[in-house]
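Engineer: Next one to model:
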Amino acid sequence: MKFFASCPKGLEYLLVDELLALGCAHATATTAGANVEGTLHDAQRAVLWSRLASRVLWPIADYACEDEDALYAGARAIDWTAHLDATMTLAIDPHVSDSAITHARYAAQRVKDAIVDGLREATGARPDVDVESPDLRLSLVVRKGRAILSVDLGGGPLHRRGWRRAQGEAPLKENLAAAVLMRGGWPALYTEGGALLDPMCGSGTLLIEGALMAADVAPGLARDGGAATAGRAPSRWRGFDVAHWETLCEDALARERTGRQRLRAVFFGRDLDPHAIHAARENATAAGLREAIEWQIGDIATLQAPVPPASQEDATLAESVKRGLAVCNPPYDARLAADPALYRTLGNALGRAVPEWRASLLCGDPELAHATGLRAKKKYQVFNGAIECSLIVCDPVRLPQRAVSETAEELGEGATMVANRLRKNLRKFKTWREREGVTCYRVYDADLPEYAAAIDVYIQSEADVSAEGTPLWLHIQEYAAPAEIPEDVTRRRFGDVLAAARDVFRIPRERIAVKTRSKGKGGSKYGRFDARHEFLLVDEGRVHLRVNLFDYLDTGLFLDHRPMRLRIADEAADTRFLNLFGYTGAATVHAAGGGARTTTTVDLSGTYLQWCADNLGANGYGGAKHRLVQADALQWLEAETAQYDLIFCDPPTFSNSARAKDFDIQREHVRLLEAAVARLAPGGVLYFSNNFRRFKLDTEAVAAFAHVDDISPATIPQDFERNPRIHRAWRITAR
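Structural biologist: Below is the predicted model:
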């Protein structure tokens, strides 16, 4: 027969190896599992012994299913008396995709109705539903016009081992913990005399799983309150071979007794949180490992090489701690915020405490894996639930003493192409940057279309950086990929972009701001931002400007408008300057630096106006000469009576603030420009720009009150020349 064993994504090939070792005739990896050929006895053995599988599903029906009626009819045609008694309980776990049937729960309801109707007709009685602990659990898959009904032989998730009594904030599932251990070469390393260390152990999952593996304890023995130990089968499906299951359990119990007697106390756990250590001890006790694992409360930064218990004088044990496997699942998701500095501390601590050991570390992403500073011998992409992670294996932990260029991470083909383009652009821009004094610029803008991102360089002002610090920062922003590109491909390509940037610029991870898109309701959108409240001072022309790379989507400085701001500085002498939709006031600061008599900045956001005030203050400007107005720019403009010699207007494409009417630049631009031109003093100039790609200036309507010159080509800087439609700009004077 062919059956299916599921597992977390990324563990498929490990699972295939495990199933073949358990005696299955054939196994082939597929997404999130393996298609297996073997007997029912093989499947039952996998339920008891597989450390990696999430479910073992034995198919009982596979039929065409074009709609809900066909789904019901196919299930109704099955002789359910061969599978369960009407006095039993059942549950159905539905999975629906690429099908005319779109509602999974409704699909499960229809199959349940078919089962109930069939049994009621055959026996006069019906089974009840128990979603928690049913006698028979079924899996229903509806995909591409077919329905597959399978018995869940394990009766539920196989990652549950039965020992967990307490857990931390983000516990690791036991089958993923087993994968971390197996990729690190455990338990073969234990057989060779090695020890196991988790310096950030949380509730102890990795160490407990590692000790049970070393003791040859079947992961299914203690499941469901030790039902297997008592010989009880995990499913009351009538096709389950209970006698064979009992034989399997008897053999497993004998192996467990021998393994536990021989188990060496070479397991060491450490965590800074006392509550986590308390939970780990409680779990270890439930797993029968109270004496096998040593627990410590301590900071990762003070980690030392494990030392055997003082009461133990076994020379073999003393020798064993000189080699071993360090495993760790450091924090990385929304519940436990990822901190690159913590990963760096972890790498340094392992390199200092156990330099000759092997390490298997489950990191949040390639960026965090790189932050450890450890050189990975092997890397694997795995999923912890929906979170894509990077599992790295380092052997040994200690890095050879080589030049930085030699110890750099080896780049894949895609990352190498991006790195080469970055170096080419840096050479190309070098003369221009030095000639014009440009310190903040775009060095990559989807130059290779499949690697869709923008990379901006920010060089911190000498007035803001210490002599020993590096002034270089990067801002990397992912562009939305076409809908037909799979998300895993998009993630991999963006990872190549990040790897290339690290390789070229050689700066710490904490100096790289990354803005990634995530799939959510309504399509692709940017994910959570940091809250570092960290501002840098950068130089542009004759002024200093404050930017924030981490906390917002934009940094406070639109680099493509650099030529426009410098033009304003050149023309601002002795003018009354007005900045509409002023944002963080960069143009205002340039006008003040250019000698403007007065400046007025209008924006609806109090946050941006405060940023503008801080920008002015950083350059020594303030007071009544520099007015800040919190208002809807268009309404304020139509009520204003003063005249201005120089006006800059760079409105958003669309705004729907709760404090003002909706604003649409295409719909409102004639009204906006007419109101702005009315405020121009004789001989005054209005510079108007926007970034709306589909914007069309109504030249006929605007010509009634103004002269308009399109100056867009002159306002596109050299670092944006690959993208000349980044904005449009016009010079406007009163007719």
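
Engineer: Now residue 423: closest residue in space that isn't a chain neighbour?
Structural biologist: Excluding its sequence neighbours, the residue lying closest to residue 423 (Cβ to Cβ, 6 or more residues apart in numbering) is residue 504, at 6.1 Å. C-beta coordinates here come from the backbone N, C-alpha and C atoms, glycine included.

Engineer: Please confirm that the one you found is located within a helix.
Structural biologist: Yes. Per DSSP: H, G, I helix; E, B strand; the rest coil, residue 504 lies within a helix segment.

Engineer: Now for it, how many residues are close by?
Structural biologist: If you count neighbours by other Cβ atoms under 10 Å, residue 504 ends up with 21.

Engineer: Can I get the helix or strand encompassing residue 344 as PDB, trimmed to CA atoms?
Structural biologist: According to DSSP states H and E, residue 344 maps onto helix 340-353. Provided in PDB are the C-alpha atoms of helix 340-353 (Å, rounded to 0.1, in the frame of the first residue of the first chain):
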ATOM      1  CA  PRO A 340      21.000  40.500  15.900                       C
ATOM      2  CA  ALA A 341      23.200  41.500  18.900                       C
ATOM      3  CA  LEU A 342      21.900  38.500  20.800                       C
ATOM      4  CA  TYR A 343      22.800  36.200  17.900                       C
ATOM      5  CA  ARG A 344      26.300  37.700  17.800                       C
ATOM      6  CA  THR A 345      26.600  37.100  21.600                       C
ATOM      7  CA  LEU A 346      25.500  33.500  21.100                       C
ATOM      8  CA  GLY A 347      28.200  32.900  18.400                       C
ATOM      9  CA  ASN A 348      30.900  34.500  20.500                       C
ATOM     10  CA  ALA A 349      29.900  32.500  23.600                       C
ATOM     11  CA  LEU A 350      30.000  29.200  21.700                       C
ATOM     12  CA  GLY A 351      33.300  30.000  20.000                       C
ATOM     13  CA  ARG A 352      34.800  30.800  23.400                       C
ATOM     14  CA  ALA A 353      33.300  28.000  25.500                       C
END
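
Engineer: now for it, which elements pack on it?
Structural biologist: Contacting helix 340-353 under the criterion 3 or more Cβ pairs under 8 Å, 6 or more residues apart in numbering; DSSP states H and E are the following elements: strand 358-363, helix 366-371.

Engineer: taking the mean pLDDT, what do you get for that helix?
Structural biologist: Mean per-residue pLDDT for helix 340-353: 88.

Engineer: Number the residues from 833 up from this point.
Structural biologist: Got it, the first residue is 833 from now on, which makes the last one we talked about helix 1172-1185.

Engineer: Could you tell me which residues within that helix count as buried?
Structural biologist: In terms of neighbour count (16 or more other Cβ atoms under 10 Å), helix 1172-1185 has its buried residues at 1172, 1174, 1175, 1176, 1177, 1178, 1179, 1180, 1181, 1182, 1183, 1185.

Engineer: right, and out of the residues you listed, which lies closest to residue 1100?
Structural biologist: Distance to residue 1100 across those (Cβ to Cβ) is lowest for residue 1185, with 10.6 Å.

Engineer: quick check: longest helix of the chain.
Structural biologist: Criterion DSSP state H: the longest helix present in the chain is helix 1245-1268.
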